[in-house]
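Colleague: Just to be clear, the model below is a prediction. Sequence and coordinates:
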Amino acid sequence: MANKLNIKSILEEEIKKIGLGWDIKGVIDSKNRIYTINSDTKLISKVFELVTTPIIVDIAEKYEIKVVSSNRQTFYPDLTLILPTGEKIALDIKSTYRKTKDKVAGLTLGSYTGYLRNPIKNIMFPYHEYVEHWVLAFIYTREDDKDGEIIPLSKIDEIVPVIKDIEIIMQEKYKLSADRPGSGNTANIGSSSDIETLRKGTGVFAKHGEKVFEDYWRNFLQRKIARDMRKVQPYHNLVEYLAWKKKQK
């Protein structure tokens with residue numbers, strides 16, 4: 001029977017074993033017309049989620065694992081895996097594109113003002129019920145972007161996919177996290193942009209553990225929010241956080 005110690009590697013290997021080309025060409029309608037897609041990051045991320053979810057469900061059934069999909073778009077996580085033991089594992093499906101050979105644009109790893117601070121806010125099950133939090137990440141290279149076209153199904157082979165060279169990574173979330181937000185003004189946790197760091201799960205929190213990761217983001221104040229609250233940001237990075245934490249004690 002699979003358990004949380006080996007199901008992560010099982011899922012990763014099984015998904016890689018399927019060997020899908022991920023060469024999504026577009027959306028087809030009832031008249032056999034294909035509407036080609038572009039490389040918009042949100043769209044590509046949704047495509048990965050739609051294609052991957054049924055694969056994960058099929059794999060999970062082999063190991064008597066129940067899969068619960070998020071019933072709301074803004075809820076965390078994308079999938080909840082319930083093991084035969086009753087333990088719950090959060091699984092988010094993320095993607096990012098290569099900017100160089102060794103760097104990516106980065107993953108957004110969820111809000112740090114939601115369920116981390118209010119354990120029942122925008123989350124499928126209360127946060128404390130999850131024993132682990134995983135990210136299934138897809139790294140890809142973008143092709144030259146084109147405007148959308150309508151192509152007959154008979155010419156599907158003429159459509160050039162908008163992404164290529166897909167790499168699959170499965171890691172615990174805290175091991176991928178950076179100590180900075182994921183994007184400008186949004187309250188999202190950012191990831192490392194170094195591909196090798198993502199592969200190995202050696203982000204800045206890896207050696208400190210998940211509890212430090214959670215406490216860091218529970219107490220992190222974005223500059224604008226701190227200003228609106230008439231407060232000073234207690235820290236800007238992990239080094240400053242560790243010094244701040246020491247003072248708190």
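Modeller: Okay, I see it. Numbers count the residues shown, from 1 in each chain.
Colleague: The longest helix out of those in the chain - contacts with which helices or strands?
Modeller: The helix that spans the most residues within the chain, counting by DSSP state H, is helix 41-62. Counting contacts by 3 or more CB pairs under 8 Å, 6 or more residues apart in numbering; DSSP states H and E, helix 41-62 is packed against helix 7-18, strand 66-69, strand 79-82, strand 88-97, strand 130-142. Quick note: C-beta positions are derived from backbone N, CA and C, even for glycine.
Colleague: by contact count, what packs against the fourth one?
Modeller: Applying 3+ CB pairs under 8 Å, 6+ apart, one finds that strand 88-97 makes contact with helix 41-62, strand 79-82, strand 108-111, strand 130-142.
Colleague: Compare those and give me the one nearest Lys8.
Modeller: Nearest to Lys8, of all the helices and strands packed on strand 88-97, is strand 130-142, at 6.0 Å by CB to CB.
Colleague: circling back: CA atoms only: put the longest helix of the chain into CSV for me.
Modeller: C-alpha atoms of helix 41-62 as CSV (Å, rounded to 0.1, in the frame of the first residue of the first chain):
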residue,chain,number,x,y,z
THR,A,41,1.0,31.7,-19.0
LYS,A,42,-2.4,31.5,-17.3
LEU,A,43,-3.9,29.6,-20.3
ILE,A,44,-1.0,27.2,-20.5
SER,A,45,-1.2,26.6,-16.7
LYS,A,46,-4.8,25.7,-17.0
VAL,A,47,-4.1,23.3,-19.9
PHE,A,48,-1.6,21.5,-17.8
GLU,A,49,-4.1,21.2,-15.0
LEU,A,50,-6.9,19.9,-17.3
VAL,A,51,-4.6,17.3,-18.9
THR,A,52,-2.9,16.2,-15.7
THR,A,53,-5.9,15.8,-13.4
PRO,A,54,-7.5,12.7,-15.0
ILE,A,55,-4.0,11.1,-15.2
ILE,A,56,-3.5,11.6,-11.5
VAL,A,57,-7.0,10.2,-10.7
ASP,A,58,-6.2,7.1,-12.7
ILE,A,59,-2.9,6.6,-11.0
ALA,A,60,-4.4,7.3,-7.5
GLU,A,61,-7.0,4.6,-8.0
LYS,A,62,-4.4,1.9,-8.3
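Colleague: Now that helix: buried residues?
Modeller: 44-45, 47-49, 52-53, 56, 59-60 (16 or more other CB atoms under 10 Å).
Colleague: Columns distance to Val160 and pLDDT on top of those, output as JSON lines?
Modeller: Formatted as JSON lines, the buried residues of helix 41-62 follow (distance: CB to CB, whole Å; pLDDT from 0 to 100):
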{"residue": "Ile44", "distance to Val160": "15", "pLDDT": "88"}
{"residue": "Ser45", "distance to Val160": "20", "pLDDT": "88"}
{"residue": "Val47", "distance to Val160": "16", "pLDDT": "87"}
{"residue": "Phe48", "distance to Val160": "18", "pLDDT": "89"}
{"residue": "Glu49", "distance to Val160": "23", "pLDDT": "89"}
{"residue": "Thr52", "distance to Val160": "22", "pLDDT": "89"}
{"residue": "Thr53", "distance to Val160": "26", "pLDDT": "91"}
{"residue": "Ile56", "distance to Val160": "28", "pLDDT": "92"}
{"residue": "Ile59", "distance to Val160": "30", "pLDDT": "89"}
{"residue": "Ala60", "distance to Val160": "34", "pLDDT": "91"}
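Colleague: returning to that earlier point: now do the longest helix of the chain and helix 7-18, the angle between them.
Modeller: Using axes from the mean of the first three to the mean of the last three CA atoms, to 10 degrees, the inter-axis angle of helix 41-62 relative to helix 7-18 is 110 degrees.
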